[in-house]
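Visitor: Test case, fold it:
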Amino acid sequence: MSSFWENLDKFPRFLISVLAGFFLTTFKTFFKQLKNTKSKISLIVVITIIIITTYTIIKKMTGIE
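Guide: Got it, this is the predicted structure:
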């Protein structure tokens, strides 16, 4: 039973390292894209569209007008 608790104690460190690795690998490509001006503008447009779409969907789902 003690090995169970030892493994459970290691889980938060594992979760943090997995999340950090996910965000680092995901945003690494975005930072490479931001070096080019055309890519920067298109990336800003795409992110804006995603935010507006998500906001609209959540607004419609909750019924807030």
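
Visitor: before we move on, what SS does residue 30 have?
Guide: Put simply, residue 30 is helix when judged by DSSP: H, G, I helix; E, B strand; the rest coil.

Visitor: what's the burial count for the closest residue to it other than its chain neighbours?
Guide: Using Cβ to Cβ, 6 or more residues apart in numbering and skipping the chain neighbours, the partner closest in space to residue 30 is residue 43 (6.8 Å). All C-beta atoms are positioned from the backbone trio N, CA, C, and that covers glycine. Residues lying near residue 43 (other Cβ atoms under 10 Å) number 14.

Visitor: I'd like the average pLDDT over the helix or strand in which residue 43 is found.
Guide: In the assignment (DSSP states H and E), residue 43 maps to helix 37-62. Helix 37-62 carries an average pLDDT of 91.

Visitor: Packing partners of it?
Guide: If contacts are counted by 3 or more Cβ pairs under 8 Å, 6 or more residues apart in numbering; DSSP states H and E, helix 37-62 sits against helix 2-33.

Visitor: Now do residue 64 against residue 58, distance only.
Guide: 8 Å (Cβ to Cβ, to the nearest Å).

Visitor: Which one of these two is surrounded by more residues?
Guide: Taking other Cβ under 10 Å, residue 64 and residue 58 do not tie; residue 58 has more neighbours (10 against 7).

Visitor: Give me the most central residue, the chain.
Guide: In the chain, the residue lying closest to the centroid (Cα atoms, centre = their mean) is residue 23, at 6.2 Å.

Visitor: what's the neighbour count on residue 8?
Guide: Neighbours around residue 8, by other Cβ under 10 Å: 9.

Visitor: err, residue 33, not the other one
Guide: Neighbourhood size, residue 33 [other Cβ under 10 Å]: 13.

Visitor: Ok, residue 39 next?
Guide: Neighbours of residue 39 (other Cβ under 10 Å): 13.

Visitor: and it, what is it in contact with?
Guide: Counting by Cβ atoms under 8 Å, 6 or more residues apart in numbering, residue 39 makes contact with residue 33.
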